[in-house]
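Trainee: 3D model of this:
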Amino acid sequence: MVLLLAGLLGLAAAARAEIGLRAGLWYGTQNVNESKFTTVYGAAETFVALPYVEARFGAGWTLGAGYEFGYDRKGVFGPYNYPAEFRMSGLNILAGYELRTGRVAVFAQVGIGLYAYKQTVANPIVTDMPVDARKTTGVAAAGIKVYPANFIYLGLEARYVPLKVKPYDSEVDLGGWRFAAGAGFVFGSR
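Mentor: Prediction:
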């Protein structure tokens, strides 16, 4: 029993030594593909933030999660210029690989995004057609990180979300590119 317990403790220590945890924040621009957005909300691009946590296993495999928020737009809708507001946010869960050589690393990740979107239009005549929905889609990201010290990194990332929704009769493309800069901390040996 003592040998079994010692063996399990040794395996746990070895496994923990092979796992590194990270926490950081990406901040940058997000664009929505839908061309009708510029008519209602002006520019389809805005700034978003994505705080995240990530675990790195062994030689470079990663698993992480982050919450993207900040896509809030205000505009006017229809021929009578009713005030309108659109909000979108999403939880991203990604797995990938990071190839690190010295102080520089490149990475690629794929996963799923659980997005919520809501549009309100202040139309006193039509009040029974709100848009408040959720959709799950794929997510892909790639980028580069620079480690000026072993416990901190700076990076650039490109992320694409293909998010087509159909709140009513026509399909709307809420997907698009996000380009961001970020920084994070490394906890543990990786």
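
Trainee: which residues of this protein fall in helices?
Mentor: Per DSSP state H, the chain carries helices over the ranges 2-17, 36-41.

Trainee: Can you pull the poorly scored residue ranges out of the protein?
Mentor: In the predicted model of the chain, residues 1-18, 126-130, 189-190 satisfy pLDDT under 70.

Trainee: Go again with 90.
Mentor: Applying pLDDT under 90 to the chain flags residues 1-20, 30-46, 57-59, 71-86, 119-133, 150, 165-174, 187-190.

Trainee: which residues in this structure form strands?
Mentor: 19-31, 45-57, 61-77, 82-101, 104-121, 131-149, 152-161, 164-165, 172-173, 176-187 (DSSP state E).

Trainee: what's next to the first one, contact-wise?
Mentor: Just to be clear, that refers to strand 19-31. 44-57, 64, 66, 68, 70-71, 153, 155, 157, 176-190 (CB atoms under 8 Å, 6 or more residues apart in numbering). From N, CA and C alone the C-beta is placed, and that goes for glycine too.

Trainee: List buried members of the residues you listed by neighbour count.
Mentor: Using 16 or more other CB atoms under 10 Å as the burial test, the contacts of strand 19-31 include 44-46, 48-52, 54-56, 64, 66, 68, 71, 153, 155, 157, 176, 178, 180, 182, 184, 186, 190 as buried.
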